[in-house]
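Chemist: below is the sequence, then the predicted model.
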Amino acid sequence: HKRTVSGIQPTGNLHLGNYLGAIRRWVQMQDEGECLFFLADLHAITVHNDPTALRNNIREMAAALVACGIDPDKAVLFRQRDVPAHAELCWLLNGTARIGWLNRMTQFKEKSGKNREGASIGLYGYPVLQAADVLLYQTTHVPVGEDQKQHLELARDIAAKFNTDFGVELFTLPEPVIGGPAARVMSLRDGSAKMSKSDPSDMSRINLTDDAETIMSKVRKAKTDPEPLPDTVEGLEGRPEARNLVGIYAAMTDATPAEVLAQFGGQGFGAFKPALGELLAGKLGPIAERLKELKANPAELDAILAKGAEKARALAAPTLAKAYDAMGL
Ligand code: TYM
């Protein structure tokens with residue numbers, strides 16, 4: 001039974017990296033089988049958030065997902081916090097996850113920085129909650145960007161160890177679905193850093209709420225090299241900024257980078273950047289419009305999330321019950 005599950009943290013604005021690396025593919029997958037998508041609000045509290053800001057961000061992200069095309073009649077859309085089984089299973093899995101495994105998580109190292117001793121226990125245990133998120137639903141497929149690969153490998157390790165330790169065939173080992181030209185969308189200012197919500201420079205990313213003029217200007221000012229675009233994908237080797245912009249164009253048009261280069265190879269960025277800017281502005285504009293409408297109607301969003309949570313709770317219950325039982329509780 002194919003079942004797709006994925007989540008996103010409700011931390012501020014959605015950017016092009018989230019959109020191309022995850023959400024756009026969620027929208028495609030909701031037509032191909034059973035899907036559950038959730039706002040990872042329990043993950044968001046592993047760093048301190050102002051409660052009012054978090055409340056707003058949760059609403060904003062729910063609206064953004066629907067504006068991007070997640071259809072609550074096709075996919076189950078909910079908040080993690082509304083399904084207590086996520087937190088419960090996380091606690092059960094804490095008995096299985098090893099400190100040595102978590103010590104290898106690069107995201108914790110990045111996020112805790114130099115002050116590792118001062119990081120929260122939640123930030124450290126974050127990947128165990130993520131494992132619970134997917135294992136709870138017998139998930140087969142998890143569409144994510146490249147940066148989440150290590151967390152999903154950990155989820156598989158936890159599932160396998162739990163099954164072995166308790167002599168059960170309880171958890172399905174989930175497959176990460178990573179790939180395409182936008183598995184890792186890079187910063188517009190630095191081709192070696194990923195596009196991220198936490199980059200202090202807003203010029204480094206395209207937000208889904210940026211207007212056409214802002215998008216055009218961010219693309220125009222994006223860092224590039226002075227060479228024209230190559231004719232082949234091999235020619236992008238060692239040119240991370242060029243590769244990134246070509247990848248974005250490809251992902252936005254459902255083409256391959258080779259097809260994009262067949263069209264733009266030999267041309268300079270003076271020609272390519274306006275084409276990319278117009279493409280992005282044209283596709284993101286209607287999403288931003290829909291987002292505004294949805295934000296003006298919070299009751300509609302609350303109803304969507306309430307309905308999603310009810311479905312998710314029902315789907316989660318059997319696996320949680322079996323996990324308790326397998327452990328003798
Ligand atoms: P988050 O909220 O940081 O990002 C949401 C999704 O967007 C992808 N992404 C990117 N893809 C390509 N290029 C980028 N620059 C880029 N930036 C972000 C992420 O890979 C992710 O797919 N821990 C997760 C949320 C989570 C989750 C889960 C995901 C919680 N539980 C269970 C899958 C399954 C996170 O913080 O993603």
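Modeler: Great, that's in hand. Numbers count the residues shown, from 1 in each chain.
Chemist: for Ala323, pull up the helix or strand it's in.
Modeler: According to DSSP states H and E, Ala323 maps onto helix 298-326.
Chemist: mean confidence (pLDDT) on that helix, please.
Modeler: Averaged over helix 298-326, pLDDT sits at 97.
Chemist: and Leu36, which helix or strand is it part of?
Modeler: Using DSSP H and E, Leu36 sits within strand 34-39.
Chemist: mind listing what's buried along that strand?
Modeler: Within strand 34-39, the residues that count as buried by 16 or more other CB atoms under 10 Å are 34-39. (Each C-beta comes from the backbone N, C-alpha and C, glycine too.)
Chemist: what's the average pLDDT for whichever helix or strand comes after that strand?
Modeler: Later in the chain than strand 34-39, the nearest helix or strand by DSSP H and E is helix 41-44. Mean per-residue pLDDT for helix 41-44: 98.
Chemist: make TSV from the buried residues of strand 34-39 and add distance to Asp73 to it.
Modeler: Shown next, in TSV, are those (distance: CB to CB, whole Å):
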residue	distance to Asp73
Glu34	13
Cys35	12
Leu36	14
Phe37	13
Phe38	17
Leu39	18
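Chemist: buried stuff in the helix holding Ala323?
Modeler: For helix 298-326, the neighbour count (16+ other CB under 10 Å) marks 301, 304-305, 308-309, 311-312, 315-316, 319-320, 323, 326 as buried.
Chemist: just checking, what packs against the strand or helix carrying Gln150?
Modeler: Take DSSP H and E as the rule and Gln150 turns out to sit in helix 149-165. The contact analysis (3 or more CB pairs under 8 Å, 6 or more residues apart in numbering; DSSP states H and E) places helix 149-165 against helix 99-103, helix 106-112, helix 121-135, strand 175-177.
Chemist: so of these, which one's packed in deepest?
Modeler: Most buried of the helices and strands packed on helix 149-165, by mean neighbour count (mean count of other CB atoms under 10 Å): helix 121-135, with a mean of 22.
Chemist: any residues touching that helix, and which ones?
Modeler: Here helix 121-135 makes contact (CB atoms under 8 Å, 6 or more residues apart in numbering) with 5, 7, 38, 40, 42-43, 45-47, 80, 86-87, 89-90, 92-94, 97, 102, 105, 107-108, 111-112, 142, 148, 151-152, 154-155, 158-159, 171-172, 174, 319.
Chemist: one more: stretch 137-149?
Modeler: Counting by CB under 8 Å, 6+ apart, 1-6, 17-18, 21-22, 25-26, 29, 36, 107, 130, 134, 152, 171-172, 174-178, 183-185, 194, 312, 315-316, 319 sit against stretch 137-149.
Chemist: and the ligand, which of the residues you listed reach it?
Modeler: With CB under 6 Å from any ligand atom as the criterion, the contacts of stretch 137-149 include 6, 17-18, 21-22, 130, 134, 183-185, 194 near the ligand.
Chemist: thank you, goodbye.
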